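**Student:** Any chance you could fold what I've pasted below:
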Amino acid sequence: MLKAQGVEQVQQVQGVLDQLVQRVVEQTPFQRAVASLYAEPLTPAPHSEARVITYSAHGLTWEDERELRSFVDHGGTVRGAKFAPEFRLGNSYYIPGDKAPPGLYPRIRSRRRFVQPDGWRAEDLLLVPLRVRGQIIGQLSVDDPADGARPTPASLRGLESLATMAALALRKARVLEVLQERYQLFHFLAERAIAGLLVVQGGRIRYANAQAAELLGYRREELLDLVPWWQFFHPSERAHFSGEKLLTGRELEAQAIRRNGDTVWLKVRIQAMDYQGKPAFAVQLLDISDRVQTEALLKERAIRDPLTGLFNRYYFEETVITELRRSQRYKRPFTILMADLAGFKQVNDRLGHQEGDRVLREVAQLIRAQVRQSDWVVRYGGDEFLIVLPETGSNVEALVQRLKRAIEEWARENLHGISLGVDVGWATWTPEANPPITSLLEEADAHMYEGKRGREAV
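**Tutor:** Residues are numbered from 1 along each chain as shown. A predicted model of the protein is given here:
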């Protein structure tokens, strides 16, 4: 613990370090950060040593943080050799892994693979000293750059600015009275942060930075008047925030409603803090709407056939297992139809593949229109389709005839001189037989080819 310091000063020091690592991860490419404070100043000399008395970390795994906590709790020391001139880069120190001197507490290697030539390597380390009047009172170490690039003096300016402000705030926290409402670093970082920041106390918002107001579409004064404070979250999310006590250390993704009614996806981080001498919570809000939308789009693309818009084979193979388990649990049948276009080769040979693609798109929509909303249609490959019919037994003749009729009528109207039809086979899962999915597909395929041979023989 910090000697000769009151509880309030200790909390303020810890708050500075917490704010520093959070802002580093939010505002720079580095995804891991550790800020530490020394018991006495450290000089950039091999013989110089200092004990680490407290730290704050962001982006570490549970195992890594446990190792770091043990190091500090057991009086771990660091040496000044890491601040040697040979490692200096601007006001920071970049240490390639193969040149690391002893005394780098403890070496936590990146778990990422960096493959960029002449880029960052997993063993590399970047240190920014926290200086007060030329003395090094602590350090900020960062790792895992998102872009995988080695640092340059220009790319380090933002990082060094944060470290400078943190050092100033730490000095004031240790030797001066605590500022009336918030120390200078809190104000500097909060007002310039990418993330929105709310301070919640007594069930109300006591402080909101400019980013929070802009993100939620309110004026600051309106945010302070919200009762309860969490009402800007979507109704389905409010249970996470409406309890009498918020759980500290939480990080979750939640949907919020802006003042104009638009929705926004937020990453929400909650941490305990003191505000005006009383317990409070810092609620950080980071806009992740673009990421959520991109992930949803990628997920949709991963399960959809790009030509027809139907589900693809991957979706079938992943989801049919769920359907099987549901049917087993409730002892209900389901049927798989396999359909293959008859005469489709003529379309490609005579009209070209571009027209063949148009035919596949039209037929896909025809099939989709003939089945229920709860059924799912899959483009299994080429001109072959699967239709999964939940809660359906083997009596599907009416549907099969409807499919054949719809496709044949469409072909007569749109493909003059080309006979296009569909061969259909099916198999039904029942709880009594309980066949595996592979057997169902084989049975449906065999049934389909029986019909194909019968049609060709006519």
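
**Student:** Spell out the residue ranges of the strands in the stretch 151-300 of the chain.
**Tutor:** Taking DSSP state E, counting those that start in this stretch to define them, one finds strands in the stretch 151-300 of the chain at 196-201, 204-208, 250-257, 263-275, 278-287.

**Student:** Buried residues, the helix or strand hosting Leu337. List them.
**Tutor:** Assigned by DSSP states H and E, Leu337 belongs to strand 334-342. Using 16 or more other CB atoms under 10 Å as the test for burial, strand 334-342 gives Phe334, Thr335, Ile336, Leu337, Met338, Ala339, Asp340, Leu341, Ala342. C-beta: built from backbone N, CA, C; applies to glycine.

**Student:** just stretch 445-452 next, same as before
**Tutor:** His447, Met448, Gly451, Lys452.

**Student:** returning to that earlier point: can you pick out the most distant pair from the buried residues of strand 334-342?
**Tutor:** Phe334 and Ala342 (25.8 Å; CB to CB).

**Student:** Identify, from the buried residues of stretch 445-452, the entry nearest to Asp124.
**Tutor:** Nearest to Asp124 among the buried residues of stretch 445-452, counting by CB to CB, is Met448 at 59.3 Å.

**Student:** Only alpha carbons, please: show the one helix or strand the closest one maps to as CSV.
**Tutor:** For Met448, the host element (DSSP H and E) is helix 437-457. Taking C-alpha atoms only, helix 437-457 is exported to CSV below (Å, rounded to 0.1, in the frame of the first residue of the first chain):
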residue,chain,number,x,y,z
ILE,A,437,-29.3,-37.2,-40.6
THR,A,438,-27.0,-39.0,-43.1
SER,A,439,-29.5,-41.8,-43.5
LEU,A,440,-32.3,-39.3,-44.1
LEU,A,441,-30.3,-37.6,-46.8
GLU,A,442,-29.5,-40.9,-48.5
GLU,A,443,-33.1,-42.0,-48.3
ALA,A,444,-34.4,-38.7,-49.8
ASP,A,445,-31.7,-38.8,-52.5
ALA,A,446,-32.6,-42.4,-53.4
HIS,A,447,-36.3,-41.5,-53.5
MET,A,448,-35.6,-38.5,-55.7
TYR,A,449,-33.7,-40.6,-58.2
GLU,A,450,-36.4,-43.2,-58.3
GLY,A,451,-38.7,-40.5,-59.5
LYS,A,452,-36.1,-39.3,-62.0
ARG,A,453,-35.7,-42.7,-63.5
GLY,A,454,-39.4,-43.2,-63.7
ARG,A,455,-39.9,-39.8,-65.5
GLU,A,456,-37.0,-40.6,-67.9
ALA,A,457,-38.5,-44.0,-68.7
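
**Student:** List the contacts of it.
**Tutor:** Residues from elsewhere that reach helix 437-457, judged by CB atoms under 8 Å, 6 or more residues apart in numbering: 320-321, 324, 336-340, 342, 421, 423-429, 435.

**Student:** if we can go back for a sec, reformat the buried residues of strand 334-342 as CSV; add distance to Val268.
**Tutor:** Output for the buried residues of strand 334-342, formatted as CSV (distance: CB to CB, whole Å):
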residue, distance to Val268
Phe334, 40
Thr335, 45
Ile336, 43
Leu337, 45
Met338, 47
Ala339, 47
Asp340, 50
Leu341, 50
Ala342, 56
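
**Student:** Stretch 407-425 - what's its average pLDDT?
**Tutor:** What stretch 407-425 shows for mean pLDDT is 90.

**Student:** Let's see the distance spanning that stretch from one end to the other.
**Tutor:** In stretch 407-425, first residue to last residue: 16 Å (CA to CA, to the nearest Å).

**Student:** So what touches that stretch?
**Tutor:** 337-344, 346-347, 350-351, 359, 362-363, 366-367, 400, 403-404, 443-452, 455.

**Student:** Distance from the chain centre to stretch 293-304, please.
**Tutor:** 14 Å (CA atoms, centre = their mean, to the nearest Å).

**Student:** could you give the mean pLDDT of stretch 143-161?
**Tutor:** Stretch 143-161 comes out at a mean pLDDT of 88.

**Student:** List the buried residues in that stretch.
**Tutor:** For stretch 143-161, burial by neighbour count (16+ other CB under 10 Å) applies to Asp143, Asp144, Pro145, Arg150, Pro151, Ser155, Leu156, Leu159, Glu160.

**Student:** Can you check the distance spanned by it, start to finish?
**Tutor:** Rule used - CA to CA; the end-to-end distance of stretch 143-161 is 17 Å.

**Student:** How about stretch 229-236?
**Tutor:** End-to-end distance for stretch 229-236, by CA to CA: 15 Å.

**Student:** What are the buried residues along it?
**Tutor:** Buried residues in stretch 229-236, counted by 16+ other CB under 10 Å: Trp229, Trp230, Phe232, Phe233.

**Student:** Quick check: Val25 vs Leu68, distance?
**Tutor:** 16 Å (CB to CB, to the nearest Å).

**Student:** Let me know whether Gly158 touches Gln27 as I believe.
**Tutor:** Yes. The criterion here is CB atoms under 8 Å, and Gly158 meets it with Gln27 at 6.2 Å.

**Student:** mind listing what Phe83 touches?
**Tutor:** Each residue near Phe83 by CB under 8 Å, 6+ apart is listed here: Leu42, Pro44, Tyr93, Leu127, Pro129, Ile136.

**Student:** so where do the helices sit in the stretch 301-450 of the chain?
**Tutor:** Counting by DSSP state H, counting those that start in this stretch, the segments of the stretch 301-450 of the chain that form helices are 313-330, 344-351, 353-370, 397-414, 437-457.

**Student:** Reformat these as a markdown table; add distance to Glu214.
**Tutor:** Shown next, in a markdown table, are the helices of the stretch 301-450 of the chain (distance: least, CB to CB, whole Å):
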| stretch | distance to Glu214 |
| --- | --- |
| helix 313-330 | 39 |
| helix 344-351 | 55 |
| helix 353-370 | 43 |
| helix 397-414 | 53 |
| helix 437-457 | 51 |
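
**Student:** lowest-confidence stretch among these?
**Tutor:** Here the helices of the stretch 301-450 of the chain differ in mean pLDDT, and the lowest is helix 437-457 at a mean of 82.

**Student:** and that helix with helix 313-330, angle?
**Tutor:** Here helix 437-457 runs at 110 degrees with respect to helix 313-330, directions being taken by axes from the mean of the first three to the mean of the last three CA atoms, to 10 degrees.

**Student:** per the record, what domains does the chain have?
**Tutor:** Domain ranges of the chain: 7-181, 194-291, 304-457, per automatic domain parsing.

**Student:** Now render those domains as JSON lines, adding distance to Leu298.
**Tutor:** Output for the domains of the chain, formatted as JSON lines (distance: least, CB to CB, whole Å):
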{"stretch": "domain 7-181", "distance to Leu298": "18"}
{"stretch": "domain 194-291", "distance to Leu298": "10"}
{"stretch": "domain 304-457", "distance to Leu298": "11"}
